[in-house]
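S.K.: Build me a structure from this.
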Amino acid sequence: MKTDLTLEQLAARIAEDAENKKDLITDTSNMSVFQDPYSTTPKLLMEMKGQEDPFAINDYTHGQICEAIEKLPRPYYNHVMQDDPELLARIINRTFTRKPKRRMIRTMKRGDEYIWRAFLSDKYRRIDNDDVTPVIFTVFNECEGLIVKSASVTETKLYLKVVYPKFSFETRKGDIVQSGLMITNSEVGSGRYSTAPWFLRKTCDNGQCIEEYGINKNHIGKRIEGEGQDVYELFREATLKADDASFLMMVEDVTRAALNDANKFQLIANKMIAQTEEEIKGDIPAAVELLAEKNNLGQEAKSSILNFLLKSKDHTRYGLTQAVTATARDDQNKMSYDDATDLERLGGRVFSMGDAEWAAIANAKPVEAKVVSRKRNVGTTLKKAA
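M.R.: Model (predicted):
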């Protein structure tokens, strides 16, 4: 489990963001992108009709812009951004002008700079972190003994990871796992409001999120009314309309239900205990290689998982899950909070695999390499050294 902010720091960050965010509705024909003339490195800015200051474009928004430009793969977008940002600006501006669309533009002031942080549909419902956290903590305060173990606000998401020790169990004698919940929310379109069972292994602080049993709610609402191609600001006073208040009531109900679902926690506990007996009967490095291949893991993460699995000597499905989640909490990896949480989710996917998918990993054979003879164009297979 990776940690980031204390609750006091989280509250301060959310309050600061609430003061500094600014949302606009406009037609894309009112927007223009250009290379920052004062930057010695590629850096695109966006200016908008009626707005005094330009907005710096963060990486997440670049991804949303790329999706809006048809038939432009992200690797090519990134390449042009580094090689010829002025060309990329022309491509974006041409799309914004020739195929204008009404959009919500979410921005944030950071220091002296204004950041363009999201490029969204005008149907996007703003249920922000300062909206949901008071509701969430109302529920938390009802749960005696509940502990917030980890919290963060990243460029794309709010994370809260809690344990509720009254729902604890042993996978093996002395190996205590505490049940809990991971809550996420995104202000920028990077996923829905979500609650999912989250488990903490006490012996090593490995966190595991099991999305299979999660509940998600979309940020999609009614189209925001407005006139033609005007640029106008959405103020906070307009946020909590009746449908938004209803959404927050749903957040409260879903969070309360998820934290008190003893039947669901027991179902997961029984399955987790059973997985301590599901052995990896094939080649261990091959099993990790297959898992990494199916989930697009990089070399560093793959090596770390293999290292933890071999050191643990727990060559079961449960052991593989713990090797994945140990990599998520390993400070030596220097990974982001988002990436670490993705590995906790991967631990949950190992837990939730169907029989056929698990059997492929559990019975994986050593990876073979083909060597072509120079004298004859015939492939000879050689087993890689384990």
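S.K.: how about the nearest residue to the most centrally placed residue in the chain, chain neighbours excluded?
M.R.: The centroid of the chain falls nearest to residue 338 when counting by CA atoms, centre = their mean (5.2 Å). Spatial nearest neighbour of residue 338, excluding adjacent residues (CB to CB, 6 or more residues apart in numbering): residue 154 at 5.3 Å. Glycine gets a C-beta too; all of them are placed from N, C-alpha and C.
S.K.: about what we covered before: you'd agree the residue nearest to the centre of the chain is in a strand?
M.R.: No. Applying DSSP: H, G, I helix; E, B strand; the rest coil, one finds residue 338 to be helix, outside a strand.
S.K.: What distance do you get for it to residue 136?
M.R.: 20 Å (CB to CB, to the nearest Å).
S.K.: go on, residue 91?
M.R.: For residue 91, the distance to residue 136 (CB to CB) stands at 41 Å.
S.K.: can you check residue 82 too?
M.R.: When distance is defined by CB to CB, residue 82 is 40 Å away from residue 136.
S.K.: what about those two, which has more around it?
M.R.: Higher neighbour count among residue 82 and residue 136: residue 136, with 23 against 10, using other CB atoms under 10 Å.
S.K.: tell me the contacts of the more buried one?
M.R.: Counting by CB atoms under 8 Å, 6 or more residues apart in numbering, residue 136 makes contact with 160, 183, 251, 255.
S.K.: So which of those are in strands?
M.R.: When DSSP state E defines the strands, the subset of these inside them is 160, 183.
S.K.: Please identify which pair of the contacts of residue 136 lies farthest apart.
M.R.: Greatest spacing in these, by CB to CB: 160 and 251 (12.1 Å).
S.K.: which residues of the stretch 251-386 of the chain fall in strands?
M.R.: If DSSP state E, counting those that start in this stretch is used as the criterion, the strands of the stretch 251-386 of the chain fall at 368-372, 379-383.
S.K.: Which of these has the lowest mean pLDDT?
M.R.: For the strands of the stretch 251-386 of the chain, mean pLDDT drops lowest on strand 379-383, to a mean of 38.
S.K.: tell me which element the nearest residue to residue 22 once chain neighbours are set aside is part of?
M.R.: Sequence neighbours aside, residue 107 is the residue nearest to residue 22 in space, at 4.8 Å (criterion: CB to CB, 6+ apart). Taking DSSP states H and E as the criterion, residue 107 maps to strand 102-110.
S.K.: Determine the set of other helices and strands touching that strand.
M.R.: helix 7-20, strand 21-27, strand 113-121 (3 or more CB pairs under 8 Å, 6 or more residues apart in numbering; DSSP states H and E).
S.K.: how about the ones you listed in JSON lines, adding mean pLDDT, distance to residue 197 and mean neighbour count?
M.R.: Putting the helices and strands packed on strand 102-110 into JSON lines (pLDDT from 0 to 100; distance: least, CB to CB, whole Å; neighbours: other CB atoms under 10 Å) gives the following:
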{"stretch": "helix 7-20", "mean pLDDT": "95", "distance to residue 197": "21", "mean neighbour count": "14"}
{"stretch": "strand 21-27", "mean pLDDT": "93", "distance to residue 197": "31", "mean neighbour count": "20"}
{"stretch": "strand 113-121", "mean pLDDT": "95", "distance to residue 197": "28", "mean neighbour count": "21"}
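S.K.: Of all the ones you listed, which one is nearest residue 130?
M.R.: Checking these against residue 130 by CB to CB gives helix 7-20 as the closest, at 4.2 Å.
S.K.: what angle sits between the strand holding residue 107 and strand 21-27?
M.R.: Angle between the axes of strand 102-110 and strand 21-27 is 150 degrees (criterion: axes from the mean of the first three to the mean of the last three CA atoms, to 10 degrees).
S.K.: Just the strands from the stretch 1-150 of the chain, written as ranges.
M.R.: 21-27, 31-35, 44-48, 55-57, 102-110, 113-121, 147-153.
S.K.: Could you export those strands as TSV, including distance to residue 95?
M.R.: As requested, those are exported to TSV (distance: least, CB to CB, whole Å):
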stretch	distance to residue 95
strand 21-27	13
strand 31-35	10
strand 44-48	13
strand 55-57	15
strand 102-110	12
strand 113-121	12
strand 147-153	31
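S.K.: who wins for proximity to residue 87 among those?
M.R.: Nearest to residue 87 among these is strand 31-35 (9.7 Å), distances taken as CB to CB.
S.K.: helices and strands around that closest one, which ones?
M.R.: Helices and strands touching strand 31-35, by 3+ CB pairs under 8 Å, 6+ apart, are strand 44-48, helix 85-98.
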